[in-house]
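K.L.:
give me coordinates for this.
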Amino acid sequence: MEQTLTLPRRNALLMTALAYIPAVLAMMPVGVLVPFLETLKVDLATSGAQLGLSIALFSIPAAVLATVGGGLIDQYGIRPSMLFAAAATALGSVLASQVHSVLALDGAMVVGGVGFGALCVLAPCLVMASLSEGRRTRAMAFVSTYAPTGYAAGLLLAVLFANAGEWRRALLVHGTLMAAAFVLLALLLPPLQSATDLTQEEPLRLRLARLLRVFREPRVLRLAIAVALPNAVSYGTSLSAPAYLARVNHLSIAVSSASVASAKLAALIVGGVSVGLLLSRAIAPRVLYAVMVVVGLAAQATLYLVPGGLVVAILALMAWLFAFGGMTGGAMTLLPAVTARGTGGGSASGLVNQFISLASFATPSIWLSLHAGSQFVLLAGACLLVSLIALPGIPARATP
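P.N.:
Purely as a prediction, here's the structure:
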């Protein structure tokens, strides 16, 4: 049973935007760098493998520290944590725009990754702490699409500078956008009551025990698996789709990236909003999740196995992303319900995002080792089936 907490009435649209926009912006550096990989090889005198490691390092802080970071958020509060995270992400992009070696790029990506990892945890925490009942369900479903939306937004930003190879300017623009988000958070984000009863006076031993308690919550662990595996499939598809579409349809990487990014943004936003509306009307999350798994598998099979040209591939990609938004959105609405009494919401959110980050770190080496379309479809099917089995059976509308 979720902890009972009376929340003051807040502007749902504003709080959703304050959770969603910084998280989307924080994910953009990965999307910005991918179209520039060939240019970066020359400018930094490095290899594709080393650049792949640089991008992977962006996920390392969240993969290693997300659960601990969630506990720190419970202790120090959402507002100061969000300001710190936005500042770290902006600093990471500015530093990355000035590097002249791959080692320096590695360091800049870690700095940005610290901010991104914190915002991954903070976005659902902000929704849980500021909204209740149907508004929280709708907001959580929408906010959960931040990662692929941010990747797509990064691709679109990179396209503006791709032909000239101006990756430094693209990163500076991103750093400026993130700095603007910091200012907006400072001006608009109010102090928020914690969703837990943690206190600064609590002994360190008890704080640590409370933090580690989340690892003994089977519903949280099951939710983490159910959210992480579709994210791995989505990330793997994002890595392979631009080059795949460019190769089979004889397109430039800029045109292919713009097509993929546009499809992602449209499908994810529609999917997140639609799922939030359905769940707020008492549609069972497991039923909706199962439907989205079927749609997602059909879309993956069409994308990789049906030779129908660019239009068919884009429609299949949009169908997959719609299903992905439904799966992750529906699953993340269960986070408040699986957070046990006395367990910090930040800790639970941190554990879920730690699983996502670990899956994201492993995804490139797995997906890029595959070649046949049937292999992609079988791997996606296995991941989605396991995620459906893992999804905890919680009522669609838990008591707030």
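K.L.:
correct me if wrong: Leu358 contacts Ala228.
P.N.:
Yes: because the distance of 7.2 Å satisfies Cβ atoms under 8 Å, Leu358 is recorded as touching Ala228. Just so you know, the C-beta spots here come from the backbone N, C-alpha and C atoms, and that holds for glycine as well.
K.L.:
these two: which has the busier surroundings?
P.N.:
Set side by side, Leu358 and Ala228 show more neighbours around Ala228, with 23 against 19, by other Cβ atoms under 10 Å.
K.L.:
which SSE is the more buried one in?
P.N.:
Secondary-structure assignment from DSSP states H and E places Ala228 in helix 218-249.
K.L.:
who's in contact with the residue nearest to Leu188 when sequence neighbours are not counted?
P.N.:
Counting by Cβ to Cβ, 6 or more residues apart in numbering, the nearest residue to Leu188 once its immediate chain neighbours are dropped is Leu18, at 6.3 Å. Contacts were defined as Cβ atoms under 8 Å, 6 or more residues apart in numbering; by that measure Leu18 touches 82, 126, 184-185, 188-189.
K.L.:
can you dump the C-alpha atoms of the helix or strand hosting Leu18 in CSV for me?
P.N.:
Assessed by DSSP H and E, Leu18 sits inside helix 12-33. As requested, C-alpha coordinates have been extracted for helix 12-33 and formatted as CSV (Å, rounded to 0.1, in the frame of the first residue of the first chain):
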residue,chain,number,x,y,z
ALA,A,12,-0.4,20.1,-13.0
LEU,A,13,0.8,21.4,-16.4
LEU,A,14,3.5,23.5,-14.8
MET,A,15,4.8,20.7,-12.5
THR,A,16,4.7,18.2,-15.4
ALA,A,17,6.7,20.6,-17.6
LEU,A,18,9.3,21.2,-14.8
ALA,A,19,9.8,17.5,-14.5
TYR,A,20,9.8,16.7,-18.2
ILE,A,21,11.7,19.5,-19.9
PRO,A,22,15.0,19.3,-17.9
ALA,A,23,15.0,15.5,-18.2
VAL,A,24,14.5,15.7,-22.0
LEU,A,25,17.3,18.3,-22.3
ALA,A,26,19.6,16.3,-20.1
MET,A,27,19.4,13.3,-22.5
MET,A,28,20.1,15.4,-25.6
PRO,A,29,24.0,15.2,-25.6
VAL,A,30,23.9,11.6,-26.7
GLY,A,31,21.6,12.4,-29.6
VAL,A,32,23.8,15.4,-30.5
LEU,A,33,27.0,13.4,-30.7
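K.L.:
list the buried residues of that helix.
P.N.:
Neighbour-count burial for helix 12-33, with 16 or more other Cβ atoms under 10 Å as criterion, is recorded at 12, 15-16, 18-33.
K.L.:
one more: stretch 129-139?
P.N.:
Judged by neighbour count (16+ other Cβ under 10 Å), stretch 129-139 contains these buried residues: 129-132, 134-139.
K.L.:
for those, give me CSV that also has pLDDT, secondary structure and distance to Ala241.
P.N.:
Formatted as CSV, the buried residues of stretch 129-139 follow (pLDDT from 0 to 100; DSSP: H, G, I helix; E, B strand; the rest coil; distance: Cβ to Cβ, whole Å):
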residue, pLDDT, secondary structure, distance to Ala241
Ala129, 82, helix, 36
Ser130, 82, helix, 35
Leu131, 80, coil, 34
Ser132, 75, coil, 38
Gly134, 68, helix, 34
Arg135, 76, helix, 34
Arg136, 77, helix, 33
Thr137, 74, helix, 30
Arg138, 76, helix, 29
Ala139, 80, helix, 28
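K.L.:
could those residues be laid out in JSON lines, adding distance to Gln98?
P.N.:
As requested, the buried residues of stretch 129-139 are arranged in JSON lines below (distance: Cβ to Cβ, whole Å):
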{"residue": "Ala129", "distance to Gln98": "36"}
{"residue": "Ser130", "distance to Gln98": "37"}
{"residue": "Leu131", "distance to Gln98": "39"}
{"residue": "Ser132", "distance to Gln98": "44"}
{"residue": "Gly134", "distance to Gln98": "46"}
{"residue": "Arg135", "distance to Gln98": "42"}
{"residue": "Arg136", "distance to Gln98": "41"}
{"residue": "Thr137", "distance to Gln98": "43"}
{"residue": "Arg138", "distance to Gln98": "41"}
{"residue": "Ala139", "distance to Gln98": "37"}
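K.L.:
great, nothing more from me.
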